[in-house]
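*Asks:* Got a sequence here, can you model it:
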Amino acid sequence: MLTFSEAISLLQKNQIVGLPTETVYGLAGRADSVEAIEKIYAIKQRPMTNPLIIHYATKEMALQEGIFCHLGKELVSKIWPGPLTVIVQKSLHSKIVSKAHCNLSSVAIRVPNHPVMHDVLQKVGGIAAPSANLSGNLSPTTAEHVNRAFLGKIPVLDAGACSIGLESTIIDLRQHPFVIVRPGYWTLEKLSERFPNIIFEENNSVDIITPGSSFQHYAPKKRLFLNVLAPFPSEMGVIGFGKIHINENSKCFVQLSEEANLEEAARRIFSALHELDLSSQCSCIGVTPIPGFGIGKAINDRLMRAALQKN
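*Replies:* Residues are numbered from 1 along each chain as shown. Here you go, the predicted structure:
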């Protein structure tokens with residue numbers, strides 16, 4: 001595992017490292033370096049048409065990289081640092097290389113709320129950091145998940161498990177009302193309390209302009225079934241939410257939240273999928289119903305994309 005100073009040194013040399021955030025671990029490289037950005041796409045095997053999220057240490061630094069309307073500035077000023085990404089027009093003075101945002105006029109920006117990532121960003125400047133996994137696979141919420149995804153070939157700065165465990169909410173600030181294009185911790189319900197002029201829009205576009213918006217994403221290797229109910233097949237590993245009766249034939253069971261707490265479930269969902277995907281005791285994975293309100297909407301969004309089968 002990396003030390004803090006080693007991570008800084010590697011990033012400054014345009015190398016790629018795994019870094020912790022409050023959402024998931026990121027595969028990080030300097031946003032002002034074409035070499036680093038190309039390495040991220042190559043290592044992740046990510047389509048070059050799928051833009052990256054750029055991270056900054058402070059909202060003041062982030063605001064210089066994009067063009068924000070008055071209400072947009074007000075929104076991020078009240079929420080950053082935190083698990084919120086915004087899409088804005090790129091500033092003419094931005095140092096973000098065009099490959100990081102697929103030559104689009106827009107750019108996705110956030111200010112993470114994680115002490116280690118914050119300190120790295122203060123030293124290095126803007127960093128592109130998509131999830132530290134192969135494109136389309138399960139998101140990593142621990143350093144071990146990153147090591148497993150890349151067979152230990154990517155150095156990781158280990159800061160323990162991510163506190164939120166689900167990717168950031170993404171809001172498009174280029175239109176009014178503002179549009180949530182990827183659900184996350186900052187739910188429509190939470191945002192509407194402060195900013196009533198926000199809507200949610202299902203992303204059905206063929207063109208990918210939003211990071212993490214491809215139809216099939218976040219997928220385990222095993223087949224995934226949603227909204228399963230008891231009795232469960234004996235070969236199925238089960239991820240439960242709330243009070244679940246497990247029949248004696250079930251070989252694997254992981255509980256997200258016995259008390260039906262959605263934030264606890266969000267924090268544990270990817271770890272649960274990783275655990276059962278590795279288990280030799282089950283051949284497929286089933287998830288019991290999870291409510292679709294609040295952060296449950298984000299959980300179900302990830303599960304729906306994960307359940308789509310590869311061709």
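*Asks:* who's I54 bridged to?
*Replies:* Under DSSP bridges, the beta-bridge partners of I54 are I109, A128.
*Asks:* What is the neighbour count of the nearest residue to P220 once chain neighbours are set aside?
*Replies:* Using C-beta to C-beta, 6 or more residues apart in numbering and skipping residues adjacent in sequence, the residue nearest P220 is D277, 4.0 Å away. Backbone N, C-alpha and C define where each C-beta goes, glycine included. Here the neighbour count serves as a burial measure; for D277 (other C-beta atoms under 10 Å) it reads 18.
*Asks:* Wait, D277 touches I285, no?
*Replies:* Yes: look at D277 against I285 with C-beta atoms under 8 Å: they come within range, at 7.0 Å.
*Asks:* shared neighbours, the two?
*Replies:* Both D277 and I285 are in contact with P220, K222, where contact means C-beta atoms under 8 Å, 6 or more residues apart in numbering.
*Asks:* For my notes, confirm the residue nearest to P220 occurs in a strand.
*Replies:* No: when classified by DSSP: H, G, I helix; E, B strand; the rest coil, D277 is found to be helix rather than part of a strand.
*Asks:* Okay, strands next: where are they in the stretch 151-300 of the chain?
*Replies:* Secondary structure of the stretch 151-300 of the chain (DSSP state E, counting those that start in this stretch): strands at 169-172, 178-182, 198-200, 223-226, 236-241, 252-257, 284-287.
*Asks:* And those, which one averages the lowest pLDDT?
*Replies:* Set side by side, the strands of the stretch 151-300 of the chain give their lowest mean pLDDT on strand 198-200, at a mean of 88.
*Asks:* in that strand, what counts as buried?
*Replies:* Neighbour-count burial for strand 198-200, with 16 or more other C-beta atoms under 10 Å as criterion, is recorded at I198, F200.
*Asks:* Quick check: which helices or strands does it pack against?
*Replies:* Applying 3 or more C-beta pairs under 8 Å, 6 or more residues apart in numbering; DSSP states H and E, we find strand 198-200 packed against strand 178-182, helix 188-194.
*Asks:* Those: which one's closest to E74?
*Replies:* With respect to E74, and counting by C-beta to C-beta, the nearest of the helices and strands packed on strand 198-200 is helix 188-194 at 9.1 Å.
*Asks:* what does the average pLDDT come to for the closest one?
*Replies:* Averaged over helix 188-194, pLDDT sits at 89.
*Asks:* Contacts for that helix, please.
*Replies:* By C-beta under 8 Å, 6+ apart, helix 188-194 touches L75, K78, T169, I171, I180, I198, I199, F200, F293, G294, K297.
*Asks:* Ranking the helices and strands packed on strand 198-200 by mean neighbour count, which comes first?
*Replies:* Mean neighbours per residue, mean count of other C-beta atoms under 10 Å, is largest over the helices and strands packed on strand 198-200 for strand 178-182, with a mean of 21.
*Asks:* Now do it: which elements does it pack against?
*Replies:* Using 3+ C-beta pairs under 8 Å, 6+ apart as the contact definition, the elements that strand 178-182 packs against are helix 70-79, strand 169-172, strand 198-200.
*Asks:* Spatially central residue (nearest the centroid) of the protein, please.
*Replies:* E167 (2.7 Å; C-alpha atoms, centre = their mean).
*Asks:* Which parts of the stretch 1-150 of the chain are strands?
*Replies:* Using DSSP E, counting those that start in this stretch, the strands assigned to the stretch 1-150 of the chain run over residues 17-19, 26-30, 53-55, 66-67, 84-90, 106-110, 127-128.
*Asks:* got those strands as TSV, with mean pLDDT and distance to G184 columns?
*Replies:* Formatted as TSV, the entries for the strands of the stretch 1-150 of the chain read as follows, by pLDDT from 0 to 100; distance: least, C-beta to C-beta, whole Å:
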stretch	mean pLDDT	distance to G184
strand 17-19	98	18
strand 26-30	98	15
strand 53-55	98	12
strand 66-67	97	19
strand 84-90	97	8
strand 106-110	97	10
strand 127-128	98	18
